[in-house]
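[1] Fold the stuff below for me.
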Amino acid sequence: MAFNPVVDADKCVGCEECVDVCPVDVYEMEDGKSNPVNAEECLGCDSCVEVCEAGAITIEET
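    Prediction:
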């Protein structure tokens, strides 16, 4: 099973918590927003979802 992390840029506040917590470095900051540049590496662990107080991240199963 594969996972696809999705960031709602309108909700993202640029706190970088997802960048810090992701064990496989899926996220990078671009223009003050989180961007899943390595989405194919996502393990589906939901750490980023849990740490995102803005509720900007969801993980879709593909």
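
[2] for the protein, what spans make up the helices?
    Using DSSP state H, the helices assigned to the chain run over residues 17-21, 47-51.

[3] Same list (the ones you listed) but as CSV, adding mean pLDDT, distance to T62 and mean neighbour count.
    Where you see a C-beta, it was placed from the backbone N, CA and C, and this is true even at glycine. Rendered in CSV, the data for these read as follows (pLDDT from 0 to 100; distance: least, C-beta to C-beta, whole Å; neighbours: other C-beta atoms under 10 Å):
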stretch, mean pLDDT, distance to T62, mean neighbour count
helix 17-21, 98, 19, 17
helix 47-51, 98, 16, 17
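
[4] would you turn those helices into a markdown table with distance to M29?
    Compiled in a markdown table, the helices of the chain are given as follows (distance: least, C-beta to C-beta, whole Å):
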| stretch | distance to M29 |
| --- | --- |
| helix 17-21 | 6 |
| helix 47-51 | 13 |
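
[5] For E40, which of those helices is the nearest?
    Nearest to E40, of all these, is helix 47-51, at 15.1 Å by C-beta to C-beta.

[6] Strands of this protein, start to end?
    Secondary structure of the chain, counting by DSSP state E: strands at 3-7, 27-30, 33-36, 57-61.

[7] for the closest residue to D25 other than its chain neighbours, what are its contacts?
    Leaving aside its sequence neighbours, D25 sits nearest to N38 (C-beta to C-beta, 6 or more residues apart in numbering; 6.0 Å). Neighbouring residues of N38 by C-beta atoms under 8 Å, 6 or more residues apart in numbering: 24-28.

[8] which of these lies closest to P5?
    Looking across those and measuring by C-beta to C-beta, the closest to P5 is V26, at 5.7 Å.
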